[in-house]
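*Asks:* no letters, just coordinates:
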């Protein structure tokens, strides 16, 4: 752990300690204030009832507040673990988790599962000529374009610097290739302003693989490997194109494209 990380952890722990101390000291101070305002003394016959009611309501309030604070931070930390901070897409860790889940469901329900891997063409040129801030803008625009193309049930993630993945459950090869082509055309059509009156365009290469096209049904790792090989083939064949993994072509006649929402 770096010194900056240790300091950030110390600050976070100190804040939680101060919040707990404030609530701890606030309970007796609140009782003294309430008893003073209402004129309640230990000799009052209803003193015990007032004290019990205050402790009951105070305990419920304190534990509810702490639960709310902890829940908010757990939600925030969960988001940091699953979401790519630049593009707001799922990150590689969550993609791998969903890939395993969808592959297990595909085996259980006997459905089709396809994967699209895509990589920005000549992205290094954008960073070298326009700067890394412009490169970040390009990545965000591409992410927004991908989000507009996929279905609500598809899993979209940034899995590398300029590499993205789309997991397409319950869809055959024809529908997945159509989606990949729609993504390619949509990205190609974007004119991206990158600041300072400058604009740029970007292209993408895509590889498509379906698990039913793998020997013996394959595995999550084999599906990724086949989609990567198709992506490399798209790069080798001139870029800005969609290529299909070897062995997936057998699905073209067997599985129709489902309607996309």
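*Replies:* Ah, there it is. Treat the numbers as computed from the prediction; the structure is a model and nothing was measured.

*Asks:* enumerate every residue touching the closest residue to residue 241 other than its chain neighbours.
*Replies:* Distances taken as CB to CB, 6 or more residues apart in numbering put residue 234 closest to residue 241, at 5.0 Å, once the chain neighbours are dropped. Placement of C-beta: from N, CA and C, glycine included. Residue 234 is in contact with 205, 206, 207, 241, 242, 243, counting by CB atoms under 8 Å, 6 or more residues apart in numbering.

*Asks:* where's residue 234 relative to residue 91, distance?
*Replies:* According to CB to CB, to the nearest Å, residue 234 stands 24 Å off from residue 91.

*Asks:* again with residue 25
*Replies:* Between residue 25 and residue 91 the distance is 41 Å, computed by CB to CB.

*Asks:* and if you look at residue 221?
*Replies:* Distance from residue 221 to residue 91, by CB to CB: 18 Å.

*Asks:* SS state for residue 42?
*Replies:* Of the three states, residue 42 takes coil under DSSP: H, G, I helix; E, B strand; the rest coil.

*Asks:* skipping its backbone neighbours, what lies nearest the spatially most central residue of the chain in space?
*Replies:* Centrality entry for the chain: nearest residue to the mean C-alpha point is residue 90, 2.3 Å, by CA atoms, centre = their mean. Spatially, and ignoring its direct neighbours in sequence, residue 90 is nearest to residue 157 (4.0 Å; CB to CB, 6+ apart).

*Asks:* which parts of the stretch 1-150 of the chain are helices?
*Replies:* 3-38, 47-82, 92-109, 123-130, 132-149 (DSSP state H, counting those that start in this stretch).

*Asks:* which one, of those, ends up nearest to residue 178?
*Replies:* Distance to residue 178, taken as CB to CB, is lowest for helix 132-149 among the helices of the stretch 1-150 of the chain, at 10.5 Å.

*Asks:* for that closest one, buried residues please.
*Replies:* The neighbour-count check on helix 132-149 (16 or more other CB atoms under 10 Å) flags 134, 135, 137, 138, 139, 141, 142, 143, 145, 146, 149 as buried.

*Asks:* same check on stretch 196-204?
*Replies:* By 16+ other CB under 10 Å, the buried positions in stretch 196-204 come out as 200, 202, 204.

*Asks:* and the first one, how far from residue 86?
*Replies:* Residue 200 is 17 Å from residue 86, where distance means CB to CB.

*Asks:* check the last one too.
*Replies:* Taking CB to CB as the criterion, residue 204 is separated from residue 86 by 17 Å.

*Asks:* would you confirm that residue 159 contacts residue 93?
*Replies:* No - with contact defined as CB atoms under 8 Å, residue 159 does not reach residue 93; the gap is 9.5 Å.

*Asks:* when the two are compared, which one has more neighbours?
*Replies:* Remark: of residue 159 and residue 93, residue 159 carries more neighbours, 20 against 13, as counted by other CB atoms under 10 Å.
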